[in-house]
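[1] Sharing a model that was predicted from the sequence below.
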Amino acid sequence: MGNWKQNILLFDLDGTLTDSAEGILRSAQYMQKKMGMRVWSESELAFMIGPPLTVSFGQGMGMSETQVQQAISYFRERYFDVGLFENKVYDNIPETLSALRKQGKRLAVATSKHQSTAQRILDHFGLTPYFEVIGGDAPGGGRTDKQKVVAYVLEQMQAKKDDVVMIGDRKYDIEGAHALGIPAIGVLYGYGSQAEFDACQADAVVHTPQELLTLFGI
């Protein structure tokens, strides 16, 4: 512990900074009802926390490309107005971000969410000032997976890869970072599991935000 020296830390949003399950799952149920589908239980929909909606609806629900686009439209009808605020900041996140900033770390968000939605959520919870860049998907942006979002954030920050680490709660965060040659830390207080992090070879795993500080010797 305490051997991580990177100065640029990229954070996932859902399951890493905030507990967003309620809004995502209720909006998915709303979508299923609008599409005339069986409305799945929250446990059946748990796989949706983390991956892009195109993956959740395409691979997770077996929808065609046309159905995926309709499903995303219905999902966002509810999520953009109500669901994004059915959310809460994890304990000790503001204190952790503050401590990292005081140590001179440069922080950014790299999320598969719409960038504008991520901005609204971070603004709502007062977390925006901690971050130099908030990166996500955007209309016409082509940032449809975590690797592309991370690459975008690195470009915006003019960051060198050997000075960067990704922090997230699902394999998509780890794999997206690794695809670019960047190490990644998994957090177990979110929606992932130790088995998931073992399978995708996370470079480190922490149970709490405070443990993250310990990795960096804070």
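    Thanks, I have it.

[2] Flag the helix or strand of the protein with the lowest per-element mean pLDDT.
    helix 53-55 (a mean of 90; mean pLDDT, DSSP states H and E).

[3] so how far is it off the chain centroid?
    Here helix 53-55 is found 14 Å from its chain centre; the criterion is CA atoms, centre = their mean, to the nearest Å.

[4] Would you mind pulling the contact partners of the next helix or strand after it?
    Following helix 53-55 in sequence order, the next helix or strand is helix 65-79 (DSSP states H and E). The contact list for helix 65-79, computed with CB atoms under 8 Å, 6 or more residues apart in numbering, reads 23-24, 26-28, 30-31, 34-35, 53-54, 57-58, 61, 63, 117. To be clear about C-beta, it is placed using only N, CA and C from the backbone, and glycine gets the same treatment.

[5] at 10 Å what do you get?
    20, 23-24, 26-35, 37, 48, 52-59, 61, 63-64, 83-86, 113-114, 117 (CB atoms under 10 Å, 6 or more residues apart in numbering).

[6] are any of these buried, and which?
    Buried subset of the contacts of helix 65-79 (neighbour count, 16 or more other CB atoms under 10 Å): 20, 23-24, 26-32, 35, 48, 52-58, 61, 63, 83-84, 86, 113-114, 117.

[7] quick one, helices of this protein?
    Using DSSP state H, the helices of the chain run over residues 21-34, 53-55, 65-79, 93-102, 115-124, 146-157, 171-178, 194-199, 209-215.

[8] And the shortest one, what does it pack against?
    Helix 53-55 sits against helix 21-34, helix 65-79, strand 106-114, with contacts defined as 3 or more CB pairs under 10 Å, 6 or more residues apart in numbering; DSSP states H and E.

[9] and the shortest one, average pLDDT?
    Spelled out, that is strand 106-114. Per-residue pLDDT over strand 106-114 has a mean of 95.

[10] now the angle from that strand to helix 65-79?
    120 degrees (axes from the mean of the first three to the mean of the last three CA atoms, to 10 degrees).
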